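**Q** structure for the following, please:
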Amino acid sequence: MNQATYDQDLYTWSLQQAQLLRERKFDQVDWEHIIEEIEDMSKSEKRALQSFLETLLMHLLKWQYQPAYRVLILNNIIM
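**A** Presented below is the predicted three-dimensional model:
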């Protein structure tokens, strides 16, 4: 499990790291990169949630203040 594997093939590296963890070979695990990947994953999830909430808020504001928007939405739901 070397740096090159992580840099060249994230998928294979991930599978190797999972196997090492299953086998409890903790001394061979690439902890630095695992920690980095977990942090990146949580940042990505946070950004996705923020984006979803922004979109929802925009739709709710349009629904509240643009009556014509309601007709468009209802037509899309019905059809």
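**Q** can you report phi and psi for Asp9?
**A** Dihedral pair for Asp9: phi -150, psi 90, per degrees, to the nearest 10.
**Q** what is the lowest-mean-pLDDT helix or strand in the chain packed up against?
**A** Within the chain, no helix or strand scores below helix 67-78, which has a mean of 76 by mean pLDDT, DSSP states H and E. Counting contacts by 3 or more CB pairs under 8 Å, 6 or more residues apart in numbering; DSSP states H and E, helix 67-78 packs against helix 31-65. For every residue, glycine as well, the C-beta is placed using N, CA and C.
**Q** quick one, the helix it packs on and helix 67-78 angle?
**A** Orientation check (axes from the mean of the first three to the mean of the last three CA atoms, to 10 degrees): helix 31-65 against helix 67-78 gives 110 degrees.
**Q** would you mind pulling the contact partners of the least confident helix or strand of the chain?
**A** 59, 62-63 (CB atoms under 8 Å, 6 or more residues apart in numbering).
**Q** just stretch 31-44 next, same as before
**A** Against stretch 31-44 from outside (CB under 8 Å, 6+ apart): 6, 13-14, 17.
**Q** turn those into JSON lines, columns for neighbour count.
**A** As requested, the contacts of stretch 31-44 are exported to JSON lines (neighbours: other CB atoms under 10 Å):
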{"residue": "Tyr6", "neighbour count": "20"}
{"residue": "Trp13", "neighbour count": "21"}
{"residue": "Ser14", "neighbour count": "15"}
{"residue": "Gln17", "neighbour count": "20"}
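**Q** which of those residues fall in helices?
**A** Among these, the residues falling in helices (DSSP state H) are 6, 13-14, 17.
**Q** and Ile73, how many neighbours does it have?
**A** Using other CB atoms under 10 Å, Ile73 has 13 other residues around it.
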